[in-house]
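Novice: Sequence first, predicted coordinates after that:
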Amino acid sequence: MRSIAILEENKEKYLDQLIELLRIPSISADPKHKEDLVKASNWLKDHLETIGLENVNVYSTPGHPVVYAEKIIDKSLPTVLVYGHYDVQPPDPLDLWDSPPFEPVIKKTKIHPEGAIFARGSCDDKGQLFMHVKAIEAMIASQELDCNVKILFEGEEEVGSDNLENFLKANTELLQCDVVLISDSSVIANDVPSISVGLRGLSYAEVEVTGPNRDLHSGVYGGGVGNPINVLCEMIASLKDENKHITIPGFYDDVEDLTDEERSAIERIPFSIEEYQDDLKIESVEGEKGFHTLERTSTRPTLDVNGIWGGYIGKGAKTVLPSKAYAKISMRLVPNQSDDNITELFTKHFESIAPSSVKVKVTPHHGGLPAVTPINTPEYRAAAKAMEKTYGKEPIPVRGGGSIPIVSLFETILGVKTILMGFGLDSDDIHSPNEHYGLFNFYKGMETIPYFYKYYAELKS
Ligand code: BES
Ligand code: MN
Ligand code: MN
């Protein structure tokens, strides 16, 4: 295909363009960066216009802008809606980065001998959305675009996509399509291609535990009153039993057990526990008893503390009993569980286990529903065929552990299924310091995407 040649000829140029986009610190969670989200959305708009897309628009929302563009070549052809997010996670802690997060550099690593681009958002998700932009550019230029295409890029994925739901509801006509295509997930390895066929949901709450009305001398009062940090730790510890099973009443009620077949399919996924432990420099893994690590990280629900604070954390030792303690607690959910329901169960339970020596306040944050995508569809077959073409191996369907809250809403609001054809690696350190994206992955993604359009058009005709 001519578009493949165009992509090959322009590799360096495309990388330079991505670097420009990565330089914009579009951190959605941080109000200080609001203008940078505007900047990134305008950068994308300008870029989408130059590659020949039409009806290119930046829509403002009560939060960060949505970027839309389309190329309708023939109403009788199927329409692919490409979704991606241009917002990124905060880069903190900054001192753990080997190079500044918004000054991209290319470095070789053991897993990426051809080099990887180090920057916040390189893999999640600017690098991956940009592969689509370039693939579409090449298909337009070579007149090989076999489907209509619509683009929807948002700036609030990392903060729960709160305003995108209303955008979908208000623009169902505009966004009408046959399938949603997303690259915002990973493959098992560069020589083990895979397609994500599920995402977990998310329930997230912040808890505040208050003891005495003020900070106290830990000698004068210590031993006599409830220390909110001690109490919070005890409460958190009680949320799992000795088998690492979550103790919130009703938590597992809606969880569907996998069939034996599904479980043995997971067992067959190439996975080395030794390599996993070695990569993370841990002596052993930990998790819910009776489940494989790959089940624990994808098909089973979880509960984790993401942050915990309170009391004296400055230098040296200050002897003090704090008045307050806090934690941020997330629960990853699996099909059939609802985030609203789990948040309610968590809140009730957490309040009920608080001893009378403290008061607790639970504040829910954003959440999202889980999603599963079927594999017996033309769109899955098109994606699998495309990857088989470029990787030389049939991809393995695997359920992912992360969340993309909007996916379940594409189904309920637009009535379409999603294909999660991601090209990152789990070891690319998304959300962590030194996030990176392999050049192999960047180019392989661009090379694979045009085949998706080709095969999808064929399978749908
Ligand atoms: N791209 C990730 C989700 C992801 C990662 C899916 C790896 C599959 C494999 C996405 O940007 C993300 O981080 N989502 C958040 C959602 C939350 C902020 C509502 C998540 O999973 O924590
Ligand atoms: Mn993402
Ligand atoms: Mn993310």
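Specialist: Looks like it arrived, so ask away. Ligands and ions are numbered 1, 2, ... in the order given.

Novice: okay, the closest residue to ligand 1 within the chain: pLDDT?
Specialist: Across the chain, no residue is closer to ligand 1 than Gly402, which sits at 2.5 Å (Cβ to the nearest ligand atom). C-beta: built from backbone N, CA, C; applies to glycine. In this model, Gly402 is scored at 96, pLDDT.

Novice: That one against Arg200, yeah?
Specialist: Yes: contact criterion Cβ atoms under 8 Å: Gly402 and Arg200 qualify, at 6.8 Å.

Novice: higher neighbour count, those two?
Specialist: Arg200 (26 against 20; other Cβ atoms under 10 Å).

Novice: who's in contact with the residue nearest to the more buried one when sequence neighbours are not counted?
Specialist: Excluding the flanking residues, the one nearest Arg200 by Cβ to Cβ, 6 or more residues apart in numbering is Arg332, at 4.2 Å. The neighbours of Arg332, taking Cβ atoms under 8 Å, 6 or more residues apart in numbering as the test, are Arg200, Gly201, Leu202, Pro301, Thr302, Asp304, Gly401, Ser403.

Novice: go again using 10 Å as the cut-off
Specialist: Arg332 sits next to 199-204, 297-298, 300-304, 342, 368, 370, 401-403 when contact means Cβ atoms under 10 Å, 6 or more residues apart in numbering.

Novice: mind checking the end-to-end distance for stretch 298-313?
Specialist: One end of stretch 298-313 to the other measures 35 Å (Cα to Cα, to the nearest Å).

Novice: My error: substitute stretch 346-363 in the last question.
Specialist: Distance across stretch 346-363, first residue to last, is 11 Å (Cα to Cα).

Novice: list the buried ones in that stretch?
Specialist: Neighbour counts over stretch 346-363 (16 or more other Cβ atoms under 10 Å) mark Phe346, Thr347, His349, Phe350, Ile353, Ala354, Val358, Val360, Val362 as buried.

Novice: what does that stretch contact?
Specialist: Contacts to stretch 346-363, defined as Cβ under 10 Å, 6+ apart, come from residues 203-212, 225-228, 230-232, 234-236, 238-239, 246-251, 303, 324-326, 328-329, 331, 343, 364.

Novice: repeat that with 8 Å
Specialist: So stretch 346-363 is contacted by 203, 205-211, 225-226, 228, 231, 235, 238, 247-249, 329, 331, 364 (Cβ under 8 Å, 6+ apart).

Novice: so where's the stretch 251-400 of the chain shaky on pLDDT?
Specialist: In the prediction, the stretch 251-400 of the chain carries no residues with pLDDT under 70.

Novice: The top helix by length along the chain and ligand 1, are they touching?
Specialist: Across the chain, the longest stretch assigned as helix under DSSP state H is helix 439-460. No: Helix 439-460 stays clear of ligand 1 (Cβ under 6 Å from any ligand atom), getting no nearer than 13.2 Å.

Novice: Tell me the residues of the stretch 351-461 of the chain that contact ligand 1?
Specialist: Checking the stretch 351-461 of the chain against ligand 1 by Cβ under 6 Å from any ligand atom, the hits are His366, Gly368, Gly400, Gly402, Ser403, Ile404, Pro405.
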